[in-house]
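Participant: need the 3D shape of this:
(one chain, ligands or ions: 1)
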Amino acid sequence: MVNLKTPRDIEAMKAAGKLSAQVLREVGNAIRPGISTLELDQIAESFIRTHGGVPAFKGYGGFPASICASVNDEIVHGIPSADVILHEGDIISIDTGAVVDSWVGDNAWTYPVGKVSDEKARLLAVGEACLYAGIAQAKPGNRLGDIGFAVQRTAEDGGMSVVRDYVGHGIGHVMHEEPNVPNYGKQHRGLLLKPGMVLAIEPMINAGTHKTLRGSDGWLVKTRDGKPSVHFEKTVAITERGPVIITIEPNHPKPL
Ligand code: MG
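Facilitator: Take a look at the predicted model:
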C-alpha cells in the first residue's frame, strides 16, 4: 500500500529533508585526498545529532553507520572504514539521511576527489542529469514508468547503463515504503502518480555493465566489471503543482 501524505505532512517532512541535505553538503565539503570514509561518517553523525536529528541509516537493518560511502566501482552500501582512504582521482558516493519529528529524509550524491578521469567526469554529469530527468516526471497523471523511462533514456543516451538490482522507494515515517521506484521502464506504464506520494528517486548509473556483485560483508554492492558507478538521490513529493524536492536547503535551491 502506498501511504499518501497530506500537504501538512509534506510540510513537516521538510525539516528532515533540510537536515538530510545539509549533512550531505557538510560531508561533501570535507571530501579530499587523504581523508578516510570513517572520518566522513563521524562528521555526518555529529552534524545530524547536533542539529536535532537522528541518523536514519544507523542501525537500519543492522547497518552500522550514518552514511553509506561507496568508492569508484562500488555502487551503494559501502560501510565507512578507517582503512578506506580517498585518493586524487577517486569518485565517492555518499548516501545519508536524518530523522526529524519522526519523518525520514534520504539523499545521495557522488563527488569527485580532486581531478578525475574524463570517463568519470562524464559519468558524474550523466548521473546528475538522470536524477533531474526522473524528478521532472514526478507529477500527477504520470506513471512510475515515466520516471524510469526518463532516467534510463538519459543514461543510455549518455553511453551509460542503469542498475536494475537496486531501485528507489517511497519514504515517510520509515525509510523504505511502497512503491519501488525503478530507474528503468516504459512510458505510461505502472502505478499512477498522485499528489501526496513522496518518493526517493535515486538513479544508480554505471559506466560499463549494469550488472552488480555483492561484497563479502553482506552490504557492499559493486559493478561486476569493475568500472565506476555513480548514485544521485533526492526525496521528492508529488504535489498538484508538480514535483517538490524535500531534501533541499531553502537557501540553496540548486543544491550541491
Ligand atoms: Mg534511498
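
Participant: got the residues of the stretch 151-256 of the chain near the ion?
Facilitator: Taking C-beta under 5 Å from the ion as the contact definition, the stretch 151-256 of the chain meets the ion at 200, 202. All C-beta spots, glycine's among them, are computed from the backbone N, C-alpha and C.

Participant: count the residues that sit near Gly226.
Facilitator: A count of nearby residues for Gly226, using other C-beta atoms under 10 Å, gives 12.

Participant: how about the contacts made by it?
Facilitator: 73, 208 (C-beta atoms under 8 Å, 6 or more residues apart in numbering).

Participant: smallest gap between the stretch 151-256 of the chain and the ion, at which residue?
Facilitator: Relative to the ion, the nearest point of the stretch 151-256 of the chain is Ala200 (3.9 Å; C-beta to the ion).

Participant: phi, psi for Lys234 please.
Facilitator: Dihedral pair for Lys234: phi -140, psi 150, per degrees, to the nearest 10.

Participant: the one 10 residues further on too?
Facilitator: Summarising the backbone geometry of Val244 under the convention degrees, to the nearest 10, its torsions are phi -120, psi 120.

Participant: that one is in contact with Thr235, isn't it?
Facilitator: No. Taking contacts as C-beta atoms under 8 Å, Val244 lies outside contact range of Thr235: 9.8 Å.

Participant: those two: who's more crowded?
Facilitator: It is Thr235, of Val244 and Thr235, that has more neighbours when counted by other C-beta under 10 Å, with 32 against 18.

Participant: give me the pLDDT value at the more buried one.
Facilitator: Looking at Thr235, its pLDDT stands at 98.

Participant: check which helix or strand the residue of the stretch 151-256 of the chain closest to the ion maps to.
Facilitator: Taking DSSP states H and E as the definition, Ala200 sits inside strand 198-201.

Participant: now that strand: mean pLDDT?
Facilitator: For strand 198-201, mean pLDDT rounds to 98.

Participant: just the strands in the stretch 51-200 of the chain please.
Facilitator: Ranges of strands within the stretch 51-200 of the chain are 54-55, 67-71, 74-76, 91-96, 98-100, 103-104, 107-112, 161-162, 168-170, 177-181, 198-201, based on DSSP state E, counting those that start in this stretch.

Participant: between the second one and strand 91-96, how many degrees?
Facilitator: By that I understand strand 67-71. With axes from the mean of the first three to the mean of the last three C-alpha atoms, to 10 degrees applied, the angle from strand 67-71 to strand 91-96 works out at 170 degrees.

Participant: packing partners for strand 67-71?
Facilitator: The helices and strands touching strand 67-71, judged by 3 or more C-beta pairs under 8 Å, 6 or more residues apart in numbering; DSSP states H and E, are helix 37-50, strand 91-96.

Participant: so of these, which one's packed in deepest?
Facilitator: Neighbour counts (mean count of other C-beta atoms under 10 Å) averaged over each of the helices and strands packed on strand 67-71 peak at strand 91-96, with a mean of 27.

Participant: which helices and strands does it pack with?
Facilitator: helix 7-30, helix 37-50, strand 67-71, strand 74-76, strand 107-112, helix 118-136, strand 229-231.

Participant: quick one: list the elements packing against the second one.
Facilitator: The one in question is helix 37-50. Using 3+ C-beta pairs under 8 Å, 6+ apart, the elements in contact with helix 37-50 are helix 7-30, strand 54-55, strand 67-71, strand 91-96.
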